[in-house]
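Colleague: predicted model follows, preceded by the sequence.
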Amino acid sequence: MASTVAGKQRIPKVAKVKNKAPAEVQITAEQLLREAKERELELLPPPPKQKITDAEELNDYKLKKRKGFEDNIRKNRTVISNWIKYAQWEESLKEVQRARSIYERALDVDHRNITLWLKYAEMEMKNRQVNHARNIWDRAITILPRVNQFWYKYTYMEEMLGNIAGCRQVFERWMEWEPEEQAWHSYINFELRYKEVDKSRTLVMVHPEVKNWIKYAHFEEKHGYIARARKVFERAVEFFGEEHINENLYVAFSRFEEKQKEFERVRIIYKYALDRIPKQQAQELFKNYTVFEKRFGDRRGIEDVIVSKRRFQYEEEVKASPHNYDAWFDYLRLVESDTDADTVREVYERAIANIPPIQEKRHWRRYIYLWINYALYEELEVKDPERTRQVFQACLELIPHKKFTFAKIWLLYAQFEIRQKNLQNARRGLGTAIGKCPKNKLFKGYIELELQLREFDRCRKLYEKYLEFSPENCTTWIKFAELETILGDTDRARAIFELAIGQPRLDMPEVLWKSYIDSEIEQEEYENTRGLYKRLLQRTQHVKVWISYGQFELSIDSDDRIQRCRQIYEEANKSMQNCEEKEERLMLLESWRDFEDELGSFANKERVRKLLPEKVKKRRKITAEDGSDAGWEEYYDYIFPEDAANQPNLKLLAMAKMWKKQQQDEDEDEEEQEEEEQQVPQGKEAQEIHRLEPLLL
């Protein structure tokens, strides 16, 4: 019994959890991961250094490490990095024989691993085991002859050891496999380092590309074998024939002959190539041929050849599409630079004969430049003014002026006549243009011409004609008035402005009024300026006009300028009280406020601030284009103080909200009172209610 009690006492009691509520501070998974990541960064103390004091401990250490390496290899024999680490460790202990054994075992596992062969050979070379290294390289290039790295390192080792014959033998073995070009270049450079020029002529036959033929020829030329270099180029031309002809080969061949002063040979090579290579593939050849002839030959002859070939190409283009004016431009540019004037005129005549079939201006825009270029060529290149005049006149007769015209042609013709000092013809031409087809550009060009000639009376007449043609053009009125102002006739300028603002239609009336006002301000006619502002305000109540008016009064150097400016702001505010655009009135008040902040008293500042509106957010319905309801949108509205006072609805709405709140408070009080007075029914009364409950429901 006692033992049983003792056994029961030995069983530990499980502690009861008194509070099962969640802890106040919760640890999240993110926090746990973050703490784990932070602890990874903590520096662990380095392991203690093991000191080996005798041979027995060293043998135990070696045994332990070898066992670990062997276990890793046994687990996965195909991981070559384990083999390499094992061998490098043995090498570090000067156990070269063991390392060699490990490498051999690894090669039995994977004999096609390039890194394994490289590490094995590097170990032998590092330990000066040259014959072993040769053996390894021989085995490597026998098993993997297409790995160029083995060959490069093998040849480099033999050359560093001074075994030139052995290195050459390795190169020859390598070349039997016909490797890539860089390998051949390495072999050639090796032979050249030891002055073996005759043994370096082997590259092209394996890789017969154009660049290699050129390198071969340059190699022969560099070592003074000119005849051999020429023979190489000739063999290359025969090798490629006419089917695989390449312009780079002929360019290099011609440059070689040019260095040898064989200019006739160069010319024959270029002509031979140009006759056989397609024109689109011989751009570089044409360029070099032209440069050569300019330096050493008859420039005219070679340019005739080039032009004739390119002319044939352009002739085909313009025959296929005679209304392709861009092709005509290219063709004309060619013949202008390389042929005589008669040939150029012939091509121009053929080009301008292709009149656009449709009388629409967009179809004539490119065509008309043919005439312009023709006229410029006759004037600048041929220097024949009479033919230039005939070209301009023929062009002007051809254009259907009743449907459209080109002001550029009329102006160019007038400028040409002026250059010929024939002012009468220039004026006659521009007058005819204005009479036939008046345009803004024509009037501007004619007026500019007369201004340069200082013919101001003619300018006045032209402005009058211009305004008869286009009375709504505000810019013309302004320029006319500016001309009179420059000439010192302010009364005429004022009369022009008065006529302008009286026009029923204007394209930019605000610019015209501003120019008129600025003109009066420059003349310091302040009363006239005030009158203009008042007349303008009778036409428009725009806020910018009021602000400009106020700024004008403020800019005048007088004692009552501040009072005048304030009075204008007050008038503007009164006139804009019924304005639908509330933003404009707000802009006016803000400008007024800035004025008072700068120059006004405290009372005036407060007065303006009280006039500023309240910004409120409202909603309104949006209607789509088809008339359907598109929802609601929010917008900002401005309520001015006088608007709030004049709208009784706002006050009524506030009173309604207050009454509704009082009603809600009273209803809540009644409900509470009813709940307190209500009692649970008992006895017969409860039975009666229970019986009548279905009926009541």
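Modeller: Good, I have the coordinates.
Colleague: so what's residue 269 up against?
Modeller: Applying C-beta atoms under 8 Å, 6 or more residues apart in numbering, we find residue 269 in contact with 250, 253-254, 257. Backbone N, C-alpha and C define where each C-beta goes, glycine included.
Colleague: in helices only, show me the residues you listed.
Modeller: If you go by DSSP state H, the contacts of residue 269 have 250, 253-254, 257 in helices.
Colleague: picking up where we left off before, just the buried ones among the contacts of residue 269, please.
Modeller: 250, 253-254, 257 (16 or more other C-beta atoms under 10 Å).
Colleague: can you list those residues in CSV and add pLDDT and distance to residue 516?
Modeller: Output for the buried ones among the contacts of residue 269, formatted as CSV (pLDDT from 0 to 100; distance: C-beta to C-beta, whole Å):
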residue, pLDDT, distance to residue 516
250, 73, 76
253, 75, 79
254, 73, 75
257, 73, 80
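Colleague: which of those lies closest to residue 85?
Modeller: residue 253 (58.1 Å; C-beta to C-beta).
Colleague: nearest residue to the closest one other than its sequence neighbours?
Modeller: For residue 253, ignoring the flanking residues on the chain, the nearest one in space by C-beta to C-beta, 6 or more residues apart in numbering is residue 233 at 4.5 Å.
Colleague: that older thread, residue 94: which of the ones in helices among the contacts of residue 269 is nearest?
Modeller: For those, the closest approach to residue 94 (C-beta to C-beta) belongs to residue 253, at 62.1 Å.
Colleague: pretty sure that closest one contacts residue 235?
Modeller: No - counting by C-beta atoms under 8 Å, residue 253 does not reach residue 235; the two are 11.3 Å apart.
Colleague: all helices of the stretch 101-250 of the chain, in order?
Modeller: For the stretch 101-250 of the chain, helices defined by DSSP state H, counting those that start in this stretch occupy the ranges 114-126, 130-143, 148-160, 164-175, 181-193, 210-222, 226-240, 247-259.
Colleague: least reliable of those helices going by mean pLDDT?
Modeller: Mean pLDDT is lowest for helix 210-222 among those, at a mean of 67.
Colleague: kindly report the domain assignment for this structure.
Modeller: Domain assignment for the chain, taken from the TED database, gives 209-297, 355-470.
Colleague: centre of the chain versus the longest one, how much separation?
Modeller: Domain 355-470 has its average C-alpha position 41 Å from the chain's average C-alpha position, going by C-alpha atoms, centre = their mean, to the nearest Å.
Colleague: tell me how many other residues crowd residue 377.
Modeller: When counting by other C-beta atoms under 10 Å, one arrives at 20 neighbours for residue 377.
Colleague: residue contacts, it?
Modeller: Contacts for residue 377 (C-beta under 8 Å, 6+ apart) come out as 336, 344, 348.
Colleague: taking those one by one, which sit in strands?
Modeller: Using DSSP state E, no member of those falls in strands.
Colleague: need these in CSV (columns: neighbour count).
Modeller: Below are those laid out as CSV (neighbours: other C-beta atoms under 10 Å):
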residue, neighbour count
336, 16
344, 21
348, 22
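Colleague: residue 504: which of these is nearest?
Modeller: Using C-beta to C-beta, the shortest approach to residue 504 within the contacts of residue 377 belongs to residue 348, at 49.8 Å.
Colleague: what does the pLDDT read for that closest one?
Modeller: If you check residue 348, the pLDDT there is 86.
Colleague: show me the contacts for it.
Modeller: By C-beta under 8 Å, 6+ apart, the residues touching residue 348 are 332, 370, 373-374, 377.
Colleague: go with 10 Å
Modeller: Residues in contact with residue 348 (C-beta atoms under 10 Å, 6 or more residues apart in numbering) are 328, 332, 335-336, 370-371, 373-375, 377-378, 391.
Colleague: in helices, which of those residues fall?
Modeller: 328, 332, 335-336, 370-371, 373-375, 391.
Colleague: which parts of this protein are strands?
Modeller: Counting by DSSP E, the chain has strands at residues 614-623, 629-639.
Colleague: want to try CSV for those, with mean pLDDT as columns?
Modeller: What follows is the strands of the chain, written out as CSV (pLDDT from 0 to 100):
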stretch, mean pLDDT
strand 614-623, 77
strand 629-639, 75
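Colleague: residue 575 is nearest to which of those?
Modeller: Residue 575 sits nearest to strand 629-639 of all the strands of the chain, at 17.3 Å, using C-beta to C-beta.
Colleague: for that closest one, name the packing helices and strands.
Modeller: helix 582-599, strand 614-623 (3 or more C-beta pairs under 10 Å, 6 or more residues apart in numbering; DSSP states H and E).
Colleague: adjacent strands (with direction) for the last one?
Modeller: Put plainly, it is strand 614-623. Within its sheet, strand 614-623 is paired with strand 629-639 (antiparallel), according to DSSP bridges.
Colleague: for residue 108, grab the count of nearby residues.
Modeller: The burial count for residue 108: 9, using other C-beta under 10 Å.
Colleague: pLDDT score assigned to residue 223?
Modeller: pLDDT, residue 223: 61.
Colleague: where does pLDDT dip in the stretch 301-450 of the chain?
Modeller: For the stretch 301-450 of the chain, the stretches with pLDDT under 70 are 301-309, 312, 338-339.
Colleague: follow-up on the earlier one: need the domains of the chain in a markdown table (columns: distance to residue 90).
Modeller: Conversion of those to a markdown table gives the following (distance: least, C-beta to C-beta, whole Å):
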| stretch | distance to residue 90 |
| --- | --- |
| domain 209-297 | 47 |
| domain 355-470 | 84 |
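Colleague: hmm, back to that, any idea which of the helices and strands packed on strand 629-639 is most buried?
Modeller: Of all the helices and strands packed on strand 629-639, helix 582-599 has the most neighbours on average by mean count of other C-beta atoms under 10 Å, namely a mean of 17.
Colleague: and the angle from it to strand 629-639?
Modeller: With axes from the mean of the first three to the mean of the last three C-alpha atoms, to 10 degrees defining the directions, helix 582-599 sits at 30 degrees from strand 629-639.
Colleague: so what does helix 582-599 touch, helix or strand wise?
Modeller: Using 3+ C-beta pairs under 10 Å, 6+ apart, the elements in contact with helix 582-599 are helix 543-555, helix 561-575, helix 602-611, strand 629-639.
Colleague: same list (the contacts of residue 348) but as JSON lines, adding distance to residue 418.
Modeller: Formatted as JSON lines, the contacts of residue 348 follow (distance: C-beta to C-beta, whole Å):
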{"residue": "328", "distance to residue 418": "29"}
{"residue": "332", "distance to residue 418": "26"}
{"residue": "335", "distance to residue 418": "30"}
{"residue": "336", "distance to residue 418": "25"}
{"residue": "370", "distance to residue 418": "23"}
{"residue": "371", "distance to residue 418": "19"}
{"residue": "373", "distance to residue 418": "20"}
{"residue": "374", "distance to residue 418": "20"}
{"residue": "375", "distance to residue 418": "14"}
{"residue": "377", "distance to residue 418": "19"}
{"residue": "378", "distance to residue 418": "17"}
{"residue": "391", "distance to residue 418": "17"}
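Colleague: for the stretch 351-500 of the chain, what spans make up the helices?
Modeller: Applying DSSP H, counting those that start in this stretch to the stretch 351-500 of the chain gives helices spanning 361-376, 385-398, 407-419, 423-436, 440-452, 456-469, 474-486, 490-501.
Colleague: out of those helices, the one nearest residue 510 is which?
Modeller: Judging these by C-beta to C-beta, what sits closest to residue 510 is helix 474-486, at 8.8 Å.
Colleague: which of the residues in that closest one are classified as buried?
Modeller: Residues 474, 476-481, 483-485 are the ones in helix 474-486 that count as buried (16+ other C-beta under 10 Å).
Colleague: reformat the residues you listed as JSON lines; add distance to residue 340.
Modeller: Putting the buried residues of helix 474-486 into JSON lines (distance: C-beta to C-beta, whole Å) gives the following:
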{"residue": "474", "distance to residue 340": "53"}
{"residue": "476", "distance to residue 340": "48"}
{"residue": "477", "distance to residue 340": "54"}
{"residue": "478", "distance to residue 340": "52"}
{"residue": "479", "distance to residue 340": "48"}
{"residue": "480", "distance to residue 340": "51"}
{"residue": "481", "distance to residue 340": "55"}
{"residue": "483", "distance to residue 340": "49"}
{"residue": "484", "distance to residue 340": "54"}
{"residue": "485", "distance to residue 340": "56"}
